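K.L.:
quick one: sequence and predicted model below, then my questions.
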2 protein chains.
Amino acid sequence: MQPKVTIYDVANAANVSMATVSRVMNRNPKVKKETKERVLKVIHDLNYHPNAVAQGLASKKTTTIGVIIPDLTNAYFANLAIGIDDIAMMYNYNIIIANSNEDTEKENQIIDNLLAKQVDGIIYMGRNQTEHFRSATRDNGTAVVLAGTVDEWNTPSVNINYRQATYDATSFFLKQGQKVALVISDKNYPINAKYRIPGYKDALKEYGIEFNKKLIFETQDNNSISNPTFQEIYESEASSAVVYSDDTAIILLNKGFEMGRSIPEDFQIITSNNTVVTKYARPTISSITQPLYDIGAVAMRILTKMMNKEKVQDSNVYLDYDIIHRGTTRI
Amino acid sequence: MQPKVTIYDVANAANVSMATVSRVMNRNPKVKKETKERVLKVIHDLNYHPNAVAQGLASKKTTTIGVIIPDLTNAYFANLAIGIDDIAMMYNYNIIIANSNEDTEKENQIIDNLLAKQVDGIIYMGRNQTEHFRSATRDNGTAVVLAGTVDEWNTPSVNINYRQATYDATSFFLKQGQKVALVISDKNYPINAKYRIPGYKDALKEYGIEFNKKLIFETQDNNSISNPTFQEIYESEASSAVVYSDDTAIILLNKGFEMGRSIPEDFQIITSNNTVVTKYARPTISSITQPLYDIGAVAMRILTKMMNKEKVQDSNVYLDYDIIHRGTTRI
DNA sequence: CTGAAAGCGCTTACAG
DNA sequence: CTGAAAGCGCTTACAG
């Protein structure tokens, strides 16, 4: 274990003040070329690495951001996280990631931790920021961006337009004269209440079909094949389903086979996230395609701007989506 | 944006010195009860939260650890990460997570970042620590634990005994008189070179069968169904396969159907990680079962001990595994 | 172009 | 049981 070399050691060895070393490190242009080179050589020879904690205390910037994620094992969020991490690294930030499980108490604890650690900003994914989260970040003036997440307060965010996407998927089935089930986690989640359900209703209206609330199914994020909801879907009058999550969709698909249904012959499915399981399933699952990596990447990019106090012109970004037809739809 | 309240503000309002406030915060027992209560009330009234960056600089402990993960979207590693995060939170640590992509340059950059941020320890997952990683952590005296990862230097680690598990899976097939393929990412990875291949050979030896290197297949982590390796497996003399990754196994399964094979009737598969895709597949995939969450959790627990300079008696831990037979094996 | 000095917000001997 | 003071390793006006 070698002794840590500090800025003082460099200053001594280079015969300059620590201020000058600091200037060199921070690429301050007004350092004489020779001085700079001498310092740089000493930095290299001594293998000096600045202590980011001390930098953080002195500069009040930690180049660390917090990322709150509902579930690291959920492919949807994991893909966003990769986009976040890549861009963060590109801009020289590190991410403190915390798995929230969408648990209010845990989220509150997480936000306290993150603020104590003086993160420069936070990317939030999940259901809804807690009251405490909102007030604490506001009081601290901490920048927050939502990724793959919407809320009722117009917080800067990056998403696809779920309302339009749900409309498109529903319309695809209605055009064929199918009865369409909408499968969501919970109708009270903002993303469902404000986007998916309205998009579904838009399509029904377009096709002059009356809304039947019995065709909205809530899984409560319980993707076990024993969840009775899956059976209920097939026992309903629906002949097709628009599903909010790929894991849910593959369970639904398998449940269909278990119940002796033919897919896509007598039941069709469009899922939402185009994660890898859609390609693993047999038949492969038709899906809305989202630029998952980009959602994370753009969210991080917006956050960097906010942390720099730059103007962010459009803070609620909707990226492009599409629908890819595979084996669970009939064209 | 409210003014930050510091330890000085608390000290003033409570009419004590900041040292006393610090003692109260740190649960130092030798503070008079009344003083303590007065300070506690002020802390609460002022909504004081200590600045962890300043604490980190003064105490030389950041209560932050680094986690290097090859791929956040890989269910195997994501499950370990959840175990790590949970135990970290329990012990009041936060994790800086960095996606390495198993890229040497990126890992080097990551380790520099983590050390600059003065992390108290690091959990490494992946192929192999880089030279730079090893020397930098050694020079810094930073504790390192491997999770789901082995190396040649006896670094503290948590795993299952892959050699024994591979032996068991291979033996299961040999007992039936099958020819067994071993499907791995790359035979030079330590986990394959030191565990899986020897375990496979152990089983062959046990059954008096000569090793045939043509039955070792390397996917190079390329899990696209167009990877020619998958087809080669079915064109070989193998009638069964022990596969290192669940994603690989499901692709192999699907490739089998594409090639007109019946599984498990004329080809059998055992995979390694029992992640959720094994249950999504049809037929469901037989698997070695690993306590993924626990691997991460125990690794984090060991790291906390090392960071506290406690004795760690057994620093290369092997947790229990089992084999669960599902639809891709015949019993 | 460079240095001396204050300050970031804490912890931790040391002294009493 | 409590306080004064030094120190953690930097950044950043300020002065020259």
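P.N.:
Arrived safely, thanks for sending.

K.L.:
would you mind listing what in the stretch 51-200 of chain A touches DNA strand D?
P.N.:
A:N51, A:A54, A:Q55, A:L57, A:A58, A:S59 (Cβ under 7 Å from any atom of the strand). Every C-beta, even on glycine, is put in place using the N, C-alpha and C of the backbone.

K.L.:
filter those residues by proximity to chain B?
P.N.:
A:N51, A:A54, A:L57 (Cβ under 8 Å from any Cβ of the partner chain).

K.L.:
those residues in helices, which ones?
P.N.:
Among those, the ones falling in helices (DSSP state H) are A:A54, A:L57.

K.L.:
so where do the strands sit in the stretch 151-300 of chain A?
P.N.:
Applying DSSP state E, counting those that start in this stretch to the stretch 151-300 of chain A gives strands spanning A:157-160, A:180-184, A:216-218, A:240-243, A:268-271, A:286-289.

K.L.:
before we move on, the earlier item: out of the ones next to chain B among the residues of the stretch 51-200 of chain A next to DNA strand D, flag the one nearest to DNA strand C.
P.N.:
Using Cβ to the nearest atom of the strand, A:L57 comes nearest to DNA strand C of these, at 3.9 Å.

K.L.:
and that closest one, what does it touch?
P.N.:
B:N51, B:V53, B:A54, B:L57 (Cβ atoms under 8 Å, 6 or more residues apart in numbering or on different chains).

K.L.:
which residues of the stretch 151-300 of chain A lie near chain B?
P.N.:
A:D247, A:I250, A:I251, A:N254, A:F257, A:V276, A:V277, A:Y280, A:A281, A:R282.

K.L.:
pLDDT value on the fifth one, please?
P.N.:
With respect to pLDDT, A:F257 scores 95.

K.L.:
what of the third one?
P.N.:
Reading off the confidence values, A:I251 has pLDDT 97.

K.L.:
please apply the same query to the first one.
P.N.:
You'll see A:D247 listed with a pLDDT of 97.

K.L.:
that one contacts A:Y280, doesn't it?
P.N.:
No - A:D247 lies out of contact with A:Y280 (Cβ atoms under 8 Å); the separation is 11.2 Å.

K.L.:
what sits in contact with each of those two?
P.N.:
B:Y280.

K.L.:
picking up where we left off before, ok, and the most crowded of the contacts of A:L57?
P.N.:
B:V53 (24 neighbours; other Cβ atoms under 10 Å in any protein chain shown).

K.L.:
need the contacts of A:L57 in JSON lines (columns: distance to DNA strand C and pLDDT).
P.N.:
Converted to JSON lines, the contacts of A:L57 look like this (distance: Cβ to the nearest atom of the strand, whole Å; pLDDT from 0 to 100):
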{"residue": "B:N51", "distance to DNA strand C": "4", "pLDDT": "96"}
{"residue": "B:V53", "distance to DNA strand C": "7", "pLDDT": "97"}
{"residue": "B:A54", "distance to DNA strand C": "3", "pLDDT": "96"}
{"residue": "B:L57", "distance to DNA strand C": "4", "pLDDT": "96"}
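
K.L.:
ok, of the residues of the stretch 151-300 of chain A next to chain B, which one's closest to A:D314?
P.N.:
Lowest distance from A:D314 to those (Cβ to Cβ) belongs to A:V276, with 30.7 Å.

K.L.:
which residues in chain A form helices?
P.N.:
A:7-14, A:18-25, A:33-46, A:52-59, A:75-90, A:104-116, A:131-140, A:162-175, A:190-191, A:197-206, A:228-235, A:246-258, A:277-280, A:292-307.

K.L.:
distance of the nearest residue to A:D247 once chain neighbours are set aside relative to A:N192?
P.N.:
Nearest in space to A:D247, with sequence neighbours left out and distances taken as Cβ to Cβ, 6 or more residues apart in numbering or on different chains, is A:N223 at 4.8 Å. Going from A:N223 to A:N192 by Cβ to Cβ, to the nearest Å gives 16 Å.

K.L.:
before we move on, what about A:Q164?
P.N.:
15 Å.

K.L.:
which one of the two is surrounded by more residues?
P.N.:
Under the criterion of other Cβ under 10 Å, the comparison of A:Q164 against A:N192 puts A:N192 first, with 24 against 14.

K.L.:
quick check: the more buried one touching A:P198?
P.N.:
No - between A:N192 and A:P198 no contact is recorded; they are 9.4 Å apart, counting by Cβ under 8 Å.

K.L.:
can I get the strands of the stretch 151-300 of chain A in CSV with mean pLDDT?
P.N.:
Output for the strands of the stretch 151-300 of chain A, formatted as CSV (pLDDT from 0 to 100):
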stretch, mean pLDDT
strand A:157-160, 97
strand A:180-184, 98
strand A:216-218, 98
strand A:240-243, 98
strand A:268-271, 98
strand A:286-289, 98
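
K.L.:
any chance of those strands in a markdown table with distance to B:D186 as columns?
P.N.:
Conversion of the strands of the stretch 151-300 of chain A to a markdown table gives the following (distance: least, Cβ to Cβ, whole Å):
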| stretch | distance to B:D186 |
| --- | --- |
| strand A:157-160 | 36 |
| strand A:180-184 | 40 |
| strand A:216-218 | 44 |
| strand A:240-243 | 37 |
| strand A:268-271 | 33 |
| strand A:286-289 | 31 |
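
K.L.:
B:K311: which of those strands is closest?
P.N.:
Between the strands of the stretch 151-300 of chain A, strand A:157-160 lies closest to B:K311; by Cβ to Cβ that is 47.9 Å.

K.L.:
quick one: list the elements packing against that closest one.
P.N.:
On a contact count with 3 or more Cβ pairs under 8 Å, 6 or more residues apart in numbering or on different chains; DSSP states H and E, strand A:157-160 meets strand A:143-147, helix A:292-307, strand A:316-319.

K.L.:
neighbouring contacts of the first one?
P.N.:
Among residues not part of strand A:143-147, those counted as contacts by Cβ under 8 Å, 6+ apart are A:80, A:84, A:120-125, A:129, A:137, A:155-159, A:295-296, A:299-300, A:302-303, A:306-307.

K.L.:
before we move on, what about the second one?
P.N.:
With Cβ under 8 Å, 6+ apart as the test, helix A:292-307 has contacts from A:65, A:76, A:79-88, A:91, A:93, A:120-123, A:143, A:145-148, A:156-160, A:273-275, A:311-312, A:315, A:317, A:319.

K.L.:
can you flag the buried ones in those residues?
P.N.:
A:65, A:76, A:79-88, A:93, A:120-123, A:143, A:145-148, A:156-160, A:273-275, A:312, A:317 (16 or more other Cβ atoms under 10 Å in any protein chain shown).

K.L.:
so which of these reach DNA strand C?
P.N.:
Within those, nothing lies near DNA strand C by Cβ under 7 Å from any atom of the strand.

K.L.:
no further queries at this time; thank you.
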